[in-house]
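[1] here is a sequence with its predicted model. Questions after.
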Amino acid sequence: ATPVGSFPTPQLGQSTWRNVSQILKEKWPQKEGAKAWVKTYRAKHESNAQGVVAKLKDAITKIIGDSDAESLVISTPTAAVELIEHFPPPWHYLISGIPPEAIERLLHLQVCSSADISCFFVPFEQPLPTYAFTLENFSFPDSDSTNQEIAAIVKNTIRSNPDVMQFIHDNIPTPDAEAALCTLNSIRVSSLILALSKSVKETVWNVYFDSPPAFTLKQYFDWTNFMRTFFYISEDYGYSTARQDAQFECLGCKSFNHPTGLCPFPRIPGWFGPSASDKDNTDVTLDNRTMTSHGRGAFNGGMSRGGRGFPRGN
């Protein structure tokens with residue numbers, strides 16, 4: 001079943017090329033034909049990925065059909081260095097050897113969950129995230145109208161800092177007088193309820209640009225980091241700053257707009273993948289207003305403070 005608001009789009013906070021060996025960085029872009037990435041849920045680098053590749057091939061073949069999958073190649077990433085991280089990258093396998101229409105079908109599907117494997121399809125030219133930063137310390141009540149009011153505060157704060165808009169004009173590849181205005185008008189805010197303990201909850205607000213500028217990933221992070229230094233002031237509910245704790249990092253879908261315990265995918269009806277956390281998640285939820293990014297899916301038969309959350313109003 002499709003959740004209310006459609007499927008969420010993972011917000012990737014790092015390059016699909018992160019920690020991929022240099023030889024593959026040179027060779028993979030030279031592969032002929034259409035290409036795309038695929039990563040599994042709760043992915044980690046594996047030196048022996050034989051089982052994962054076999055399951056991915058089987059899942060993709062079922063989606064695109066035997067004829068289109070006849071020359072399917074799923075290339076396994078090799079790591080540049082050994083990273084001391086929980087579920088270290090590289091995570092992304094490269095799909096090639098299939099018709100462009102088959103690649104488009106996978107990307108349109110975006111997510112697949114079966115009894116054997118759950119995975120995400122990502123364009124070879126990695127799209128920018130729309131998530132920018134998280135605001136904390138406002139005393140607003142949690143509601144849809146609050147989200148709209150905070151979005152207006154963010155918009156007005158950015159308008160009063162012309163360097164933010166100038167950064168867009170200075171860095172987009174093609175001059176566009178409307179680019180900054182389009183980005184500003186695409187601001188969206190959604191709340192996230194974090195549980196600091198069983199008795200203490202905190203509401204924070206994720207800020208999104210649904211039409212981000214035509215930046216590189218590095219430019220986008222430089223631009224959003226600039227906005228993380230601002231004070232966002234309300235007349236009645238205090239002022240907010242960008243969240244100072246370690247950046248969210250979901251070990252499940254690899255998004256950086258929520259902690260692992262609040263990953264929305266395991267709570268989608270029909271999800272076959274592993275749970276978001278090895279711990280008990282019965283009291284963990286994601287505010288349903290964050291389930292607004294669009295995508296499709298196929299369903300077949302905390303790294304930081306705030307890794308857990310509670311249902312609002314329950």
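    Looks like it came in fine.
[2] would you map the helices across the stretch 101-250 of the chain?
    In the stretch 101-250 of the chain, helices defined by DSSP state H, counting those that start in this stretch lie at 144-159, 162-171, 179-185, 217-227, listed in chain order.
[3] so which of those gets nearest Gly270?
    When the helices of the stretch 101-250 of the chain are compared by CB to CB, helix 144-159 sits nearest Gly270, at 27.0 Å. All C-beta atoms are positioned from the backbone trio N, CA, C, and that covers glycine.
[4] now the closest one and helix 217-227, what's the angle there?
    Interaxial angle, helix 144-159 versus helix 217-227 (axes from the mean of the first three to the mean of the last three CA atoms, to 10 degrees): 100 degrees.
[5] what does helix 144-159 contact?
    The set of residues external to helix 144-159 that reach it, using CB atoms under 8 Å, 6 or more residues apart in numbering, is 135, 138, 140, 164-165, 184-185, 187-191, 205, 207, 227, 230-234, 240, 289.
[6] what about 7 Å?
    Contacts of helix 144-159 with the rest of the structure, by CB atoms under 7 Å, 6 or more residues apart in numbering, involve 135, 138, 140, 164, 184, 187-191, 205, 207, 227, 230, 232, 234, 289.
[7] then stretch 199-207?
    For stretch 199-207, the surrounding residues in contact (CB under 7 Å, 6+ apart) are 131-136, 142, 147, 150, 154, 187, 189-196, 243, 257, 290, 306, 310.
[8] for that stretch, list every residue counted as buried.
    Using 16 or more other CB atoms under 10 Å as the test for burial, stretch 199-207 gives 201, 203-207.
[9] next one: stretch 40-56
    Neighbour counts over stretch 40-56 (16+ other CB under 10 Å) mark 40-43, 45, 49, 52-53, 55-56 as buried.
[10] quick one on the thing from earlier: redo the helices of the stretch 101-250 of the chain as JSON lines? Include mean pLDDT, distance to Gln30 and mean neighbour count.
    Listed next are the helices of the stretch 101-250 of the chain as JSON lines, based on pLDDT from 0 to 100; distance: least, CB to CB, whole Å; neighbours: other CB atoms under 10 Å:
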{"stretch": "helix 144-159", "mean pLDDT": "98", "distance to Gln30": "40", "mean neighbour count": "16"}
{"stretch": "helix 162-171", "mean pLDDT": "95", "distance to Gln30": "28", "mean neighbour count": "14"}
{"stretch": "helix 179-185", "mean pLDDT": "95", "distance to Gln30": "32", "mean neighbour count": "17"}
{"stretch": "helix 217-227", "mean pLDDT": "96", "distance to Gln30": "21", "mean neighbour count": "16"}
